[in-house]
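*Asks:* Sequence first, predicted model second:
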Amino acid sequence: MNSFGKHDISGMILYNQTDFVDARAGDFISSIPFRNQGIAGRVTYGFDTRYLLEANFGFNGAENFAPDKRYGFFPSFGLGWVVSNEKFFADISKVITFLKVRGSYGKVGNNKISDSYRFGYIAQVGGGNNGYAFGRNNEVWYNGRDISEYAVDVSWEEAAKTNIGLELKTLNNDLSIVVDYFQEDRTGIFLRRSNVPLYVGLRSNPYGNLGVIHNRGVDGTVEYSTSLGKNWVISARTNFTWNRAVIIDDANAAWPYPWQQRIGRKLNQRFGLIALGLFEDEKDIENSPYQTGIVKPGDIKFKDLNGDGKIDSYDEAPIGYGAVPELVYGAGFNISWKGFAFGAFFKGVGNVDVRLNGEGFQPFQLAGDRGNLLQEVTNRWTPDNPSQNVIYPRLTYPSNENMNYNNSSWWIKNGSFIRLQTLEASYSLPKAKWFDKGGLSGLRIYFIGYNVATFSKFKMWDVELGDGKGAQYPLLKSFNLGVELRFK
């Protein structure tokens, strides 16, 4: 960085190129050298520690695309204004010691089409059309060839990112607040054309720069640290992030009904039947839309959204939030007094759910081949317990004789939780004469607990394991008691 007067300026330019050969490639495509090339630059400017500017660019080339689509230009810039350094701010500088407003905008690119399709502009020929058999007993067989991936005129997938932030310090710098609003508009996402009719006869739908997703969110951090008298030190910190991605275009054909539409919904939105409860008796079944299978009291009753008198895929609608939390937050504190110290950190998530499914959770899914069941299976509907407030509907053998285990809102559970992630207490002994005899400079006794407690409405397994049947190794709860010796 060069400084002259009130001006600070810096710059950089970088050329990069890769040429990688996979010596263990398992096929011809993977044996071709992986090559990328690009140039990047950056310049920063500051005036009087008040006005800040940064500009960047990347001009990158990738082998995945046709020669005329190979290179992409990705610029970005950022602006900052340190308001607290202005002369007019002097009157309130004792209250707000630091105030900065900043914003940035830029583009980034992605050139990876898929794990199995490297060169988008080159068609792939395979042997997947099942061949041809002839002869009196079809004893003569020839494998056929066809196009497994079609050449497409694709280019870089782009994401335009915007960020607006505020930084503030007050209370003699004891309190710090940082808040950011961010937005990303991703265009040209590599997707297969799902709106190609089957009668066209393509073995696989071709790729294209088709998808569009709008992503936005808010991120914030608040920190506080202060001393009380000579012996007390208190600090606390909290952070949160809210994020939602919405599908703008997914290259799908129009859905028959509006509740089936994916456009305008959250990315990875769950869809399924809407459960109204459990059938109470035979009359309730007779007065309800037709459901396939053997339906009896205690089975799940679903909502007929299109009013055609039967329950099918046309009645599937958005259910739940999804497996990825929209809200993530944390909070912690530390308190010390003389040699004693105590601290804790909590983390949590919200706007997320768990979908129950899978072998072991679903009784008799594999008929009588597997016998393990969750203990919650006792919390089920029976003629002696005709309750609506149960986990399992009427049990059947086999379990697929009706629609009870279709994907539906019945099996969506609240996945929000708050976890006491760490808990720590310690005591540092004051210096004593015998420290010198042992060559010690300090001695601390401490206790640390990890994953101490979880507060959640979901109780079947560790809620952080998410969807399924809980058949994953859970987080360990551990407690450590130790002594720390520091030598001179």
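*Replies:* Yep, it's here. Keep in mind that what you see is a predicted model, and the values were worked out from it rather than measured.

*Asks:* from here on, contacts and neighbour counts on C-alpha atoms
*Replies:* Will do.

*Asks:* Report the contact partners of the closest residue to Gly109 other than its chain neighbours.
*Replies:* Excluding the flanking residues, the one nearest Gly109 by C-alpha to C-alpha, 6 or more residues apart in numbering is Glu158, at 4.6 Å. The contact partners of Glu158, taken as C-alpha atoms under 8 Å, 6 or more residues apart in numbering, are Lys107, Val108, Gly109, Asn110, Arg186, Thr187, Gly188, Ile189.

*Asks:* now Asp250
*Replies:* Leu191, Leu210, Gly211, Val212, Arg262, Ile263.

*Asks:* which one of the residues you listed is nearest Gly309?
*Replies:* Among the contacts of Asp250, Arg262 lies closest to Gly309 (C-alpha to C-alpha), at 24.3 Å.

*Asks:* So the closest one versus Asp153, what's the distance?
*Replies:* Using C-alpha to C-alpha, to the nearest Å, Arg262 is found at 26 Å from Asp153.

*Asks:* Then Leu168?
*Replies:* 48 Å.

*Asks:* More neighbours: which of the two?
*Replies:* Leu168 (18 against 15; other C-alpha atoms under 10 Å).

*Asks:* Can you name the residues bridging to the more buried one?
*Replies:* Leu99, Ile177 (DSSP bridges).

*Asks:* OK, contacts around it?
*Replies:* Ile96, Thr97, Phe98, Leu99, Lys100, Ser176, Ile177, Val178.

*Asks:* So the residue nearest to Gly109 lies in a strand, does it not?
*Replies:* Yes: secondary structure of Glu158 (DSSP: H, G, I helix; E, B strand; the rest coil): part of a strand.

*Asks:* what bits of the stretch 101-250 of the chain have low per-residue confidence?
*Replies:* Along the stretch 101-250 of the chain, segments meeting pLDDT under 70 span 127-130.

*Asks:* neighbours of Lys169, just the number please.
*Replies:* For Lys169, using other C-alpha under 10 Å, the count is 21.

*Asks:* Excluding chain neighbours, what is closest to it?
*Replies:* Nearest to Lys169 is Ser176, by C-alpha to C-alpha, 6+ apart, at 4.5 Å.

*Asks:* mind checking pLDDT for the residue nearest to Gly41 when sequence neighbours are not counted?
*Replies:* What sits nearest to Gly41 in space, not counting adjacent residues and going by C-alpha to C-alpha, 6+ apart, is Ile13, at 4.2 Å. At Ile13, the model reports a pLDDT of 97.

*Asks:* Buried ones from the contacts of Glu158, can you make that a PyMOL selection?
*Replies:* Buried residues within those, by 16 or more other C-alpha atoms under 10 Å, are selected in PyMOL with:
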select buried, resi 107+108+109+186+187+188+189
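
*Asks:* Keep only those of the contacts of Glu158 that are in strands.
*Replies:* Secondary structure defined by DSSP state E assigns Lys107, Val108, Gly109, Asn110, Arg186, Thr187, Gly188, Ile189 of these to strands.

*Asks:* Surely the third one is in contact with Lys161?
*Replies:* No: counting by C-alpha atoms under 8 Å, Gly109 stays clear of Lys161, with 11.1 Å between them.

*Asks:* Pull out the buried residues from stretch 452-465.
*Replies:* Buried, per 16+ other C-alpha under 10 Å, within stretch 452-465: Val452, Thr454, Phe458, Asp462, Val463, Glu464, Leu465.

*Asks:* helices and strands around the helix or strand the first one falls within, which ones?
*Replies:* Counting by DSSP states H and E, the secondary-structure element that holds Val452 is strand 440-455. Taking 3 or more C-alpha pairs under 8 Å, 6 or more residues apart in numbering; DSSP states H and E as the contact definition, the neighbouring helices and strands of strand 440-455 are strand 417-428, strand 478-487.

*Asks:* What segments of the stretch 51-200 of the chain are strands?
*Replies:* Ranges of strands in the stretch 51-200 of the chain, per DSSP state E, counting those that start in this stretch, are 51-62, 71-82, 96-110, 124-126, 132-134, 140-142, 146-149, 157-170, 175-192.

*Asks:* Ok, which of those comes nearest Val200?
*Replies:* strand 146-149 (13.8 Å).

*Asks:* What pairs with the closest one, parallel or antiparallel?
*Replies:* Assessed with DSSP bridges, strand 146-149 is paired to strand 124-126 (antiparallel).

*Asks:* List of residues touching the strand it pairs with?
*Replies:* Arg145, Asp146, Ile147, Ser148, Glu149, Tyr150, Ala151.

*Asks:* how far away is the third one from Tyr224?
*Replies:* Separation of Ile147 from Tyr224 (C-alpha to C-alpha) stands at 63 Å.

*Asks:* cool, and the first one?
*Replies:* When distance is defined by C-alpha to C-alpha, Arg145 is 68 Å away from Tyr224.

*Asks:* Give me the phi and psi angles of Thr49.
*Replies:* phi 50, psi 20 (degrees, to the nearest 10).

*Asks:* just Ile285 next, same as before
*Replies:* According to degrees, to the nearest 10, Ile285 has phi -70, psi -40.

*Asks:* same deal with Val377?
*Replies:* The phi/psi pair for Val377 (degrees, to the nearest 10) is phi -60, psi -20.

*Asks:* which residues touch the closest residue to Lys310 other than its chain neighbours?
*Replies:* Ranked by C-alpha to C-alpha, 6+ apart and with sequence neighbours excluded, the top spatial neighbour of Lys310 is Tyr290, at 4.4 Å. Neighbouring residues of Tyr290 by C-alpha under 8 Å, 6+ apart: Gly309, Lys310, Ile311.

*Asks:* quick one: the last one and Gln291 touch, right?
*Replies:* Yes: contact status for Ile311 versus Gln291: in contact at 5.4 Å, counting by C-alpha under 8 Å.

*Asks:* the more surrounded of those two?
*Replies:* Applying other C-alpha under 10 Å to Ile311 and Gln291 shows that Ile311 carries more neighbours, namely 22 against 19.

*Asks:* contacting residues for the more buried one?
*Replies:* So Ile311 contacts Pro289, Tyr290, Gln291, Thr292, Phe302, Lys303, Asp304 (C-alpha under 8 Å, 6+ apart).

*Asks:* likewise Trp156?
*Replies:* Lys69, Arg70, Gly72, Gly109, Asn110, Asn111, Gly188.

*Asks:* Try it again at 6 Å.
*Replies:* For Trp156, the contacting residues are Gly109, Asn110, Asn111, by C-alpha atoms under 6 Å, 6 or more residues apart in numbering.

*Asks:* Can you lay out the residues you listed as a markdown table showing distance to Tyr473?
*Replies:* Converted to a markdown table, the contacts of Trp156 look like this (distance: C-alpha to C-alpha, whole Å):
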| residue | distance to Tyr473 |
| --- | --- |
| Gly109 | 36 |
| Asn110 | 34 |
| Asn111 | 35 |
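
*Asks:* For Arg270, state which of those is nearest.
*Replies:* Closest to Arg270, out of all of those and judged by C-alpha to C-alpha, is Asn110, at 26.5 Å.

*Asks:* That closest one contacts Ser155, correct?
*Replies:* No: counting by C-alpha atoms under 6 Å, Asn110 does not reach Ser155; the two are 9.2 Å apart.

*Asks:* Report the separation between the closest residue to Ile213 other than its chain neighbours and Trp255.
*Replies:* Closest residue to Ile213 apart from its sequence neighbours, by C-alpha to C-alpha, 6+ apart: Ile247 at 4.7 Å. Ile247 sits 15 Å away from Trp255, going by C-alpha to C-alpha.

*Asks:* So between those two, which is more surrounded?
*Replies:* Between Ile247 and Trp255, Ile247 has the larger neighbour count (other C-alpha under 10 Å), namely 19 against 12.
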